[in-house]
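> no sequence for this one, just the structure:
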């Protein structure tokens, strides 16, 4: 039952909120690891002597990519990617400036405040009460260490202190509160007529002259980029490995598994469990306190009791300092390097380390147990073995086949003959331009050769094209089309659709204008509305969150200027759907200020203060950037 409840919390909305907060902090604190986007660790900015690197920007991008499967589609061009990177760079600069300001202001949080903050997280509670096992499980499954969360909680507290100090000094006048109340609580006496464009979609005809006229007047819209079709031969290690893998027998896999030279590869790493006591750097006389605890332990004090009483790592401290079991292998333990080195050096159960200094503070480590890894069963590693055998054979075959192609390139006249010499197939592509190469042929080097004037003119086999790691290609230009204007027959359907939409839109707006003209002349429009089966939506009290109106129409209604007299104001509004709305505003009803009680005044005051403080924070960050040394 305990595990089920923890699993439910992992999937629940509360945990998603907690993790979102944690992830946001990690992103801008630079804690996500892999540099997957830009090679190297070049400095892109320096704030008061502290570098911001490309790796930190990459960490943010990688995290956003993990959160959104369509991330890459949002930034398809080099320009959009560069804009994203610059935006993140500025966010990181602002965060660094903001953090420096908080540190310089001397804001801090006590251990009690931090523990209270962590214990109050709903995801870490069972039945409304903090549960250490739940917290440990959730954090372990998300790869966030106890000490890291401790640091995050502290940073959030001091940031809240900073923001609160600004909001508490934000000045809000009584007139501002009254104006805000009048704006928030007002209602509108109005009626709205929505005219769907579908009412005018039947019977629309586009004749040949209209199509030709539009085509002639908009030639620039119908430019066909330069196109080629190519015959090509592809050779890649991965493709060879995929084919070879299908032919590997169970007997080959078993033989590899049982080979004495390979057995060590299928033994799980040793496991290690340790306990620790952390005295955080923020503690007064942290090193002295840690040394005192180490002395007590060396003279027989109970490690578990001291961890519960004194460890800054509240999660493990609640369990007597015990940390989750992990791999006893350098680089794979999940611990920071200094901690890992000291822990792996312990050899006897119960053995204590000396003080270990890390970025978190001073640790005392005790070895609880160390176990040898078990051999992995064949069924668990069979697919990995197949892939290993396939990769090794494919690598040999790739270089042998490449050598055959290199030799044959100067003695064969056609690409089909070249393919046959290596037992490959020549394929033919469709016509494509530089931005629409088929999948597998969209490598920059391939596109460059496909549109190379020498290859287009000669129709000879290209030089070897490096498509990536252990992947090559050869091509011959099969067909070439120079840049030109697409024929009318090719774009006719698009022109018809566009002109049809234009006519429907014109008819819809013309009808709306006829309604407005009649209303301005105090004429009845009942027959016009009946003809199109249209009806007004009317109310003397439309609110800003009224569900009876389309949200877009409601927003437009509340943007209308207040009528100055008894005569209603009317406007024709184009909607994003292509429909048209006629909005007739008769009157704005304002709330009675006598109903503005003290509770409501305080609520509005807090709301306005928050709005003002957000603006103040942005101004402060701008000022801090001007005062900081940013390179």
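Perfect, I can see it now. Here the structure is a predicted model, which means the values were calculated and not measured.
> quick one: secondary structure of residue 461?
coil (DSSP: H, G, I helix; E, B strand; the rest coil).
> Quickly note the distance from it to residue 187.
Distance, residue 461 to residue 187, using Cβ to Cβ, to the nearest Å: 77 Å. Yep, even glycine has a C-beta here, placed from its N, CA and C like the rest.
> Could you do residue 596 as well?
Taking Cβ to Cβ, one finds residue 596 at 16 Å from residue 187.
> Check residue 370 too.
73 Å.
> quick one: which helix or strand includes the nearest residue to residue 546 once chain neighbours are set aside?
Sequence neighbours aside, residue 554 is the residue nearest to residue 546 in space, at 5.9 Å (criterion: Cβ to Cβ, 6 or more residues apart in numbering). In this assignment (DSSP states H and E), residue 554 forms part of helix 551-557.
> Quick check: next helix or strand after that helix?
Criterion used, DSSP H and E; the element after helix 551-557 is strand 569-574.
> Contacts for that following strand next, please.
The contact list for strand 569-574, computed with Cβ atoms under 8 Å, 6 or more residues apart in numbering, reads 509, 512-513, 516, 519-520, 553, 556, 560-561, 563, 580-585.
> Contact partners for residue 513?
By Cβ under 8 Å, 6+ apart, the contact list for residue 513 reads residue 572.
> hey, where'd the helices end up in the stretch 501-631 of the chain?
For the stretch 501-631 of the chain, helices defined by DSSP state H, counting those that start in this stretch occupy the ranges 526-531, 551-557, 598-627.
> Please parse this protein into its domains.
2-157, 174-183+595-627, 187-200+489-589, 226-250+380-482, 268-371 (automatic domain parsing).
> in the stretch 451-600 of the chain, which spans are strands?
Residue ranges of the strands in the stretch 451-600 of the chain, as given by DSSP state E, counting those that start in this stretch, are 465-468, 471-481, 484-485, 537-542, 569-574, 580-589.
> what's the closest of these to residue 84?
Among the strands of the stretch 451-600 of the chain, strand 465-468 comes nearest to residue 84, with 24.4 Å by Cβ to Cβ.
> and the closest one, how far from the chain's centre?
Taking Cα atoms, centre = their mean, to the nearest Å, one finds the center of strand 465-468 at 31 Å from the center of the full chain.
> In the sheet, which strands lie alongside that strand, parallel or antiparallel?
When pairing is defined by DSSP bridges, strand 465-468 lines up against strand 471-481 (antiparallel).
> Can you give me the buried ones in the strand it pairs with?
Within strand 471-481, the residues that count as buried by 16 or more other Cβ atoms under 10 Å are 471, 472, 473, 474, 475, 476, 477, 480.
> Can you lay out those residues as a markdown table showing pLDDT and distance to residue 391?
Output for the buried residues of strand 471-481, formatted as a markdown table (pLDDT from 0 to 100; distance: Cβ to Cβ, whole Å):
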| residue | pLDDT | distance to residue 391 |
| --- | --- | --- |
| 471 | 94 | 14 |
| 472 | 95 | 17 |
| 473 | 96 | 21 |
| 474 | 97 | 24 |
| 475 | 96 | 27 |
| 476 | 96 | 31 |
| 477 | 96 | 34 |
| 480 | 96 | 38 |
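> With distance to residue 245 as added columns, please give these in TSV.
Formatted as TSV, those follow (distance: Cβ to Cβ, whole Å):
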residue	distance to residue 245
471	17
472	21
473	22
474	25
475	28
476	31
477	34
480	38
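> Looking at those, spot the one nearest residue 260.
Using Cβ to Cβ, the buried residues of strand 471-481 come closest to residue 260 at residue 471, 34.8 Å.
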